[in-house]
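coords please:
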Amino acid sequence: MPQRVVTVTDILDGHVALDIQCLDRIYLNAYVPRLQTSAQVVAFLADHLGYPFPSPALFKQIGDRF
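Here you go, the predicted model:
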């Protein structure tokens with residue numbers, strides 16, 4: 001008798017559930033290795049984006065555009 005192939009769905013069945021009651025926000029968490037220190041963040045804001053003064057207010061502008 002041939003063996004049945006076990007799929008990921010078979011393994012996760014009954015162990016993982018997705019329960020959505022109300023979807024009003026979607027969050028995206030990202031890991032950016034080049035922005036792990038304050039110096040790297042300053043370089044990103046100044047060199048890459050061209051802002052003369054690195055400021056936390058710039059992240060609000062970036063987020064609002066997103």
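
now what about the lengthiest helix in the chain, what contacts it?
Counting by DSSP state H, the longest helix found in the chain is helix 57-65. With C-beta atoms under 8 Å, 6 or more residues apart in numbering as the test, helix 57-65 has contacts from 45, 49, 51. In short, each C-beta sits where N, CA and C put it, glycine included.

could these be laid out in a markdown table, adding distance to residue 36 and secondary structure?
Below are these laid out as a markdown table (distance: C-beta to C-beta, whole Å; DSSP: H, G, I helix; E, B strand; the rest coil):
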| residue | distance to residue 36 | secondary structure |
| --- | --- | --- |
| 45 | 15 | helix |
| 49 | 18 | coil |
| 51 | 20 | coil |
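
as a markdown table, these with pLDDT and distance to residue 60 would be great.
Formatted as a markdown table, the contacts of helix 57-65 follow (pLDDT from 0 to 100; distance: C-beta to C-beta, whole Å):
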| residue | pLDDT | distance to residue 60 |
| --- | --- | --- |
| 45 | 85 | 13 |
| 49 | 83 | 13 |
| 51 | 84 | 13 |
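
out of those residues, which are buried?
residue 45 (16 or more other C-beta atoms under 10 Å).

now distance to residue 59 too, for the contacts of helix 57-65, in a markdown table please.
Converted to a markdown table, the contacts of helix 57-65 look like this (distance: C-beta to C-beta, whole Å):
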| residue | distance to residue 59 |
| --- | --- |
| 45 | 9 |
| 49 | 11 |
| 51 | 11 |
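
quick revisit: could I have the CA atoms of the longest helix of the chain written out in PDB?
Output of helix 57-65 as PDB, limited to C-alpha atoms (Å, rounded to 0.1, in the frame of the first residue of the first chain):
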ATOM      1  CA  ALA A  57       9.600  64.700  13.000                       C
ATOM      2  CA  LEU A  58      10.900  63.400   9.700                       C
ATOM      3  CA  PHE A  59       9.600  59.900  10.500                       C
ATOM      4  CA  LYS A  60       6.100  61.300  10.900                       C
ATOM      5  CA  GLN A  61       6.300  62.900   7.400                       C
ATOM      6  CA  ILE A  62       7.500  59.500   6.000                       C
ATOM      7  CA  GLY A  63       4.700  57.700   7.800                       C
ATOM      8  CA  ASP A  64       2.100  60.200   6.600                       C
ATOM      9  CA  ARG A  65       3.200  59.800   3.000                       C
END
